[in-house]
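Visitor: how does the following fold in three dimensions:
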Amino acid sequence: VLARNGCDVAVPLGQGCCGALNVHGGDLGGGRQMAKRNIDALMAAGVEKIVTSSAGCGAAMKEYHDLLKDDPEYAEKARRFGGMTVDVTEFLASLPLRPPSRPLDRKITYQDPCHLAHAQRITAAPRAVLASIPGVELVEMENASLCCGGAGIYSAVRPDLSKRLQDRKMSRIAATGAQAVVTANPGCMLQLGQGLRAQGRDVPVVHVVDILDE
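Guide: Now for the predicted structure:
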């Protein structure tokens, strides 16, 4: 999708997990090591932007400066790294986006990932990308930015409360009559997909870029 929109895309070797889940779990040392590895690998590629398709990763990467603020070697690198990092929907919406030439007749609903809507304050960009696809009908669910219950490691450490949030989200999705649920974070995709399968509902969960690519 990025290449079709005129971007020269590099995928540098040496990058790895962003460290968000380690930081969420209190392993700040492990998170810092992962952050340093990514700063070294990605900035060595000489790129102008660092694009991620995971809202949780993007939120963590934009905050590397806070994680490494006391590290004399990496504090300034982390600040520059965070300023270069963008969510893929944020980046696409900032381009002269080439709208798809083929219509995709589908009724969809969009789930705002917490780490995109609340942590990064990005809500308009994914909707703008979806609006560029001819034939797609976006039906907004009630409280689209309410947590789905995935929330990083929350579904593992607080399963009962996570399930209650998931059940509420399933009812909001059902009310839209959507043929697909679209979101922008793999944690949300896992949580929503598991909830839909548990109810025996054949409703796919896809990333914004998946549906644009299709």
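
Visitor: name the helices or strands packed onto the lengthiest helix in the chain?
Guide: Ranked by number of residues, the top helix in the chain under DSSP state H is helix 159-176. Contacts defined by 3 or more C-beta pairs under 8 Å, 6 or more residues apart in numbering; DSSP states H and E place helix 159-176 against strand 106-110, helix 154-157, helix 186-198. Any C-beta I mention is one placed from the backbone N, CA and C, and that applies to glycine too.

Visitor: mind listing the helices for this structure?
Guide: 20-24, 28-43, 55-62, 64-67, 75-84, 88-94, 114-117, 124-131, 154-157, 159-176, 186-198, 208-213.

Visitor: just the ones you listed: most buried one?
Guide: Highest mean neighbour count of these: helix 55-62, a mean of 26 (counted as mean count of other C-beta atoms under 10 Å).

Visitor: can you find the helix or strand in the protein with the smallest mean pLDDT?
Guide: Ranked by mean pLDDT, DSSP states H and E, the weakest helix or strand in the chain is helix 154-157, scoring a mean of 78.

Visitor: what sits against the residue positioned nearest the centre of the chain?
Guide: Closest residue to the average C-alpha location of the chain: residue 55 at 2.6 Å, with C-alpha atoms, centre = their mean. The contact partners of residue 55, taken as C-beta atoms under 8 Å, 6 or more residues apart in numbering, are 87, 113-116, 119-120, 122, 184-185, 188.

Visitor: got the contact list for the longest helix of the chain?
Guide: 107, 109, 111, 139-144, 146-151, 154-155, 181, 191-192, 194-196, 199, 201, 203.

Visitor: just to revisit the earlier point, ok, the residue nearest to the centre of the chain to residue 96 distance?
Guide: As defined by C-beta to C-beta, to the nearest Å, residue 55 lies at a distance of 24 Å from residue 96.

Visitor: same question, residue 110
Guide: Following C-beta to C-beta, the distance that separates residue 110 from residue 96 is 23 Å.

Visitor: so which of the two has more stuff around it?
Guide: Legend: neighbour count by other C-beta atoms under 10 Å for residue 110 and residue 96, higher for residue 110 (23 against 6).

Visitor: let me know the pLDDT of the residue of the chain positioned farthest from its centre.
Guide: Taking C-alpha atoms, centre = their mean as the measure, the residue most remote from the mean C-alpha position of the chain is residue 72, 30.2 Å away. pLDDT recorded at residue 72 is 97.
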